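*Asks:* Predicted model follows, preceded by the sequence.
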Amino acid sequence: MIEFEEELKKFHPSLEVEDAEEAIYNQDLTDLADVLVKMVKDAKEE
């Protein structure tokens, strides 16, 4: 049986949309498009 009070203690609210958007966009992640652009740029320089 589910212990409701115990489950409530584990609960962490999710980020609001604005906060989630900011957290996502503030990450500096390289994706495949960035890699391809850099490869083309490096190839042109050689």
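*Replies:* Nice, I can see it. Numbers count the residues shown, from 1 in each chain.

*Asks:* And stretch 14-30, end to end?
*Replies:* Using C-alpha to C-alpha, to the nearest Å, one end of stretch 14-30 lies 25 Å from the other.

*Asks:* tell me the mean pLDDT for the longest helix along the chain?
*Replies:* Criterion DSSP state H: the longest helix present in the chain is helix 32-45. Mean pLDDT, helix 32-45: 91.

*Asks:* likewise stretch 8-22?
*Replies:* 81.

*Asks:* end to end, how far does it reach?
*Replies:* One end of stretch 8-22 to the other measures 27 Å (C-alpha to C-alpha).

*Asks:* Now do the longest helix of the chain: distance to the chain's middle.
*Replies:* 23 Å (C-alpha atoms, centre = their mean, to the nearest Å).

*Asks:* for that helix, packing partners?
*Replies:* In terms of contacts (3 or more C-beta pairs under 8 Å, 6 or more residues apart in numbering; DSSP states H and E), helix 32-45 is not packed against any helix or strand. All C-beta atoms are positioned from the backbone trio N, CA, C, and that covers glycine.

*Asks:* Report the separation between the one residue sitting closest to the centre of the chain and residue 36.
*Replies:* Most central in the chain under C-alpha atoms, centre = their mean is residue 24, positioned 4.3 Å from the mean C-alpha point. Note on residue 24: its distance to residue 36, by C-beta to C-beta, to the nearest Å, is 22 Å.

*Asks:* go on, residue 12?
*Replies:* 37 Å.

*Asks:* out of these two, which sits in the more crowded spot?
*Replies:* For residue 12 versus residue 36, the count of surrounding residues by other C-beta atoms under 10 Å is larger for residue 36: 10 against 5.
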